[in-house]
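model the structure of this input:
(one chain, ligands or ions: 1)
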Amino acid sequence: MEVTAHHRLFGGDLKFVRHEAASTGTSMALSVFVPDGEGPHPVLVWLSGLTCTANNFTEKAGAYKRAAELGLMIVAPDTSPRGDGVANDEGYDLGQGAGFYVDATEAPWAAHFQMESYVTKDVLSLIAEHFPADMTRVGISGHSMGGHGALTLAMNHPHHFKSMSAFAPIASPLNCPWGQKALTAYLGEDRTAWQRHDAAALIAQGRASGFDDILIDQGLGDQFLETQLKPHLLEQAASGAGQKITVRRHAGYDHSYYFITSFIDDHLAFHAERLKG
Ligand SMILES: N[C@@H](CCC(=O)N[C@@H](CSC=O)C(=O)NCC(=O)O)C(=O)O
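Prediction:
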């Protein structure tokens with residue numbers, strides 16, 4: 001692991017790191033915030049959305065003051081493998097910057113696009129080995145494509161993640177253009193393989209039952225709300241499964257990091273409460 005930058009802020013340490021990841025077969029970059037104080041610390045994994053690197057959340061969300069106060073580590077991985085030898089697409093919603101947190105089975109993506117394994121194996125191992133993290137107290141959150149990733153990885157890997165939340169998540173990749181394009185490319189035409197990557201489907205199957213609540217924030221001025229995100233599908237699934245979910249709708253807020261920074265403190269508190277020692 002190489003530390004490429006180190007900044008002190010709010011009584012904590014932010015490191016940008018780079019490592020060779022076994023799952024993707026590429027060099028990957030991420031940021032890690034470690035609060036001062038005696039560890040091991042609970043950890044929040046943040047998954048970013050389409051077009052993002054590890055920098056978007058790190059530089060725009062304004063999360064670290066409250067994280068330092070709560071004693072919460074925050075880990076922000078990149079959204080895909082990258083590089084000249086890595087497959088890509090002309091669209092912003094497929095390929096580099098758009099890994100969708102699945103392990104691709106289809107060519108040419110399968111060679112490197114193994115983002116479910118990357119987050120749940122490489123990232124968590126890296127944190128456990130090199131940082132003062134309590135790996136029994138890990139939560140996960142994210143935005144848009146990363147919100148989809150947070151919800152689906154939490155429900156598919158409940159042994160790793162004890163709390164989940166999301167900002168403007170893609171509720172059901174089966175039922176939106178972003179999801180249909182990406183999952184067709186990465187997993188193939190057979191939609192049965194998509195089911196375990198669909199948050200609404202997983203909630204309907206009772207796969208969130210180990211989580212006492214799911215916090216979702218959604219802006220009502222979000223340009224992707226009706227076409228791509230569809231949070232009502234999460235509420236419908238939760239209602240049918242008897243799952244508690246808290247979907248907060250905010251008039252006027254759009255899809256940007258201005259929205260995320262407005263409510264990030266609530267998500268940090270939500271996770272810190274559930275990750276208490
Ligand atoms: N370029 C696209 C939209 C890209 C976009 O809005 N990306 C979001 C995530 S969208 C869902 O995953 C984002 O987080 N962008 C980075 C940022 O710093 O804001 C278009 O113009 O339609």
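
pick out the residue of the stretch 51-200 of the chain closest to the ligand.
residue 144 (2.8 Å; Cβ to the nearest ligand atom). From N, CA and C alone the C-beta is placed, and that goes for glycine too.

neighbours of the closest residue to residue 98 other than its chain neighbours, just the number please.
Nearest non-adjacent residue to residue 98, counting by Cβ to Cβ, 6 or more residues apart in numbering: residue 50, 5.2 Å away. Residue 50: 23 surrounding residues under other Cβ atoms under 10 Å.

residue 50: helix or strand, and which one exactly?
Under DSSP states H and E, no helix or strand contains residue 50.

does the residue of the stretch 51-200 of the chain closest to the ligand touch residue 56 like I think?
No - using Cβ atoms under 8 Å, residue 144 makes no contact with residue 56, being 10.9 Å away.

so the two - more neighbours on which side?
residue 144 (25 against 20).

residue ranges for the helices of the stretch 101-250 of the chain, please.
Under the criterion DSSP state H, counting those that start in this stretch, the stretch 101-250 of the chain contains helices at 115-117, 124-130, 145-156, 177-187, 199-204, 232-241.

what residues does the nearest residue to residue 56 once chain neighbours are set aside make contact with?
By the measure of Cβ to Cβ, 6+ apart, the closest residue to residue 56 outside its immediate chain neighbours is residue 48, 5.4 Å from it. With contact taken as Cβ atoms under 8 Å, 6 or more residues apart in numbering, residue 48 is in contact with 54, 56, 57, 76, 77, 78, 79, 142, 143, 145, 146.

wait, what's in contact with residue 142?
Applying Cβ under 8 Å, 6+ apart to residue 142 gives the contacts 46, 47, 48, 49, 148, 149, 150, 166, 167, 169.

against the ligand, which of these make the cut? List them.
residue 49 (Cβ under 6 Å from any ligand atom).

now, of the contacts of residue 142, which are buried?
46, 47, 48, 49, 148, 149, 150, 166, 167, 169 (16 or more other Cβ atoms under 10 Å).

helix, strand or coil for the first one?
What that stands for is residue 46. Assigned by DSSP: H, G, I helix; E, B strand; the rest coil, the conformation of residue 46 is strand.
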